[in-house]
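In: The sequence and its predicted three-dimensional model are supplied below.
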Amino acid sequence: MELNSILSGARNGRSINVRANILAEWTADQVRICAQVTRSFVGIGICVALLATVIPVTEGARMRLAGMEATRQRELSQLNAQVAQAAALQKAAAPSVAASLLRTRTFRYFGRMMGEIYAVLDAANLRMAFSSAKAEVRGAEMSIDCHADAQNYGVAATFAKDAGTTPNEVSSLASTRPNALMGLNGVSFEYMKKVDLK
């Protein structure tokens, strides 16, 4: 076998040096491994550098966000306290507001009621006289009932017309009858008026 190798080597004109080939191959492997290790270390170094840059930036951003969140939480708690205080003030003021509304409504009703009474009284003239007048208020409805005597029916009708000039539900002469004490054409009459005060 050695002879065949030598002969074939002699035929090719080259000598085979196995040790040199193995050494060359080992050297090439070492260069390749060193290049890979170098690339790995460079990659690790780049990652470490990036982490060394990114971590402080992200940590700073996290701290700023945490500070902003704490500020917002304080502002929210202050707003909640103000809302609670406003609700307490509103609750405390509710009775006085209700009383004020009731007083305003009462004064408005009273003014309207007195206006209706004055409208009826102002409609009277010198040719008539009241024998009685009564005003009643039930809920938001007012009724005025008058008994009077007049020199004639025309005076009573004019009174009823003038007394009913304000808005009303009913304004009429409820009844009339002769009254000789007021003269030949004298009458006694009842006038009725109903008004919605709302």
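Out: Cool, the structure landed.
In: In three-state terms, label residue 143 for me.
Out: strand (DSSP: H, G, I helix; E, B strand; the rest coil).
In: That one: neighbouring residues, count only.
Out: 16 (other Cβ atoms under 10 Å). (C-beta placed from N, C-alpha, C; glycine too.)
In: State the distance from it to residue 22.
Out: Applying Cβ to Cβ, to the nearest Å, the value for residue 143 to residue 22 is 132 Å.
In: Equivalent analysis for residue 98, please.
Out: 108 Å.
In: Are we agreed that residue 191 is in a strand?
Out: Yes: counting by three-state DSSP, residue 191 falls inside a strand.
In: For this structure, which segments count as helices?
Out: Per DSSP state H, the chain carries helices over the ranges 2-12, 18-122, 153-163.
In: center of the protein, which residue is that?
Out: residue 83 (13.1 Å; Cα atoms, centre = their mean).
In: Can you lay out the helices of the chain as CSV showing mean pLDDT and distance to residue 139?
Out: CSV is the format used below for the helices of the chain (pLDDT from 0 to 100; distance: least, Cβ to Cβ, whole Å):
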stretch, mean pLDDT, distance to residue 139
helix 2-12, 49, 133
helix 18-122, 85, 10
helix 153-163, 92, 22
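In: And the ones you listed: which comes nearest residue 198?
Out: helix 18-122 (8.6 Å; Cβ to Cβ).
In: And the closest one, what does it pack against?
Out: strand 128-138, strand 141-150, helix 153-163, strand 187-196 (3 or more Cβ pairs under 8 Å, 6 or more residues apart in numbering; DSSP states H and E).
In: Pull out the buried positions in stretch 165-180.
Out: 168, 171, 173, 179 (16 or more other Cβ atoms under 10 Å).
In: I'd like to check what contacts that stretch. Which residues are they?
Out: By Cβ atoms under 8 Å, 6 or more residues apart in numbering, the list of residues contacting stretch 165-180 from outside reads 115-116, 119, 141, 149, 153, 156-157, 160, 163-164, 186-196.
In: Now for the closest residue to residue 142 other than its chain neighbours: which residues touch it?
Out: The shortest distance from residue 142 to any non-neighbouring residue, by Cβ to Cβ, 6 or more residues apart in numbering, is to residue 195 (4.7 Å). Residues counted as contacts of residue 195 (Cβ under 8 Å, 6+ apart) are 112, 116, 141, 142, 143, 144, 166, 167, 168, 169.
In: cutoff 7 Å now
Out: 116, 142, 168, 169 (Cβ atoms under 7 Å, 6 or more residues apart in numbering).
In: Do you know the pLDDT at the third one?
Out: The reference is to residue 168. On pLDDT, residue 168 comes in at 78.
In: shift numbering so it begins at 22
Out: Fine by me, first position is 22 from now on; the one you just mentioned is residue 189.
In: Thanks a lot, catch you later.
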